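J.: Provide a 3D model corresponding to the input given below.
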Amino acid sequence: MSSTKVMINFIIVRHGLTTWNAVGRVQGQINTPLAPEGEEQAERVAEVLKNEDVDIVISSNLDRASHTADAIMRKLVKKDNVKREYDDNLKETNFGDIQAKFYLTVLEMFIA
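T.: Residues are numbered from 1 along each chain as shown. Below is the predicted model:
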């Protein structure tokens, strides 16, 4: 009896900088766009990964994650059979009432 081992590699990439990251706001599941710097970051990571042998690209459907993943998909050299999927389980945590607030405001809420 022979056993076949399969190597599975995961490449995990965080989305680029968003407009809210740049000003210190809590995003949670609010759909915020990538800032121009975030778009550049997505393009740079895509350039680094372009020669990787990728079978599937998965992201949440939030714009910041999907645009970063799409940048990677566009650059892949071997992309003919690469699947693209969205998974809600990859969304950021819903932070409820603190979403959209500035981090400093949130800190003051708990310190006061």
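
J.: next one: phi and psi at the closest residue to residue 30 other than its chain neighbours?
T.: Setting aside the residues directly before and after it, residue 30 is nearest to residue 99 in space (CB to CB, 6 or more residues apart in numbering), at 5.4 Å. Glycine gets a C-beta too; all of them are placed from N, C-alpha and C. Dihedral pair for residue 99: phi -60, psi 140, per degrees, to the nearest 10.

J.: burial measure for residue 99, as a count.
T.: The number of residues packed near residue 99 is 17, by other CB atoms under 10 Å.

J.: cool, and residue 30?
T.: 15.

J.: what does the one 3 residues further on give?
T.: The burial metric for residue 33, expressed as a neighbour count using other CB under 10 Å, is 14.

J.: pretty sure it is touching residue 19, no?
T.: Yes. The pair residue 33 / residue 19 is scored as a contact, 5.9 Å apart, by CB atoms under 8 Å.

J.: the residue nearest to residue 30 and residue 79, how far apart?
T.: 35 Å (CB to CB, to the nearest Å).

J.: tell me the backbone dihedrals of the closest residue in space to residue 40 that isn't next to it in sequence, please.
T.: Excluding the flanking residues, the one nearest residue 40 by CB to CB, 6+ apart is residue 16, at 7.4 Å. Per-residue torsions, residue 16: phi -70, psi 170 (degrees, to the nearest 10).
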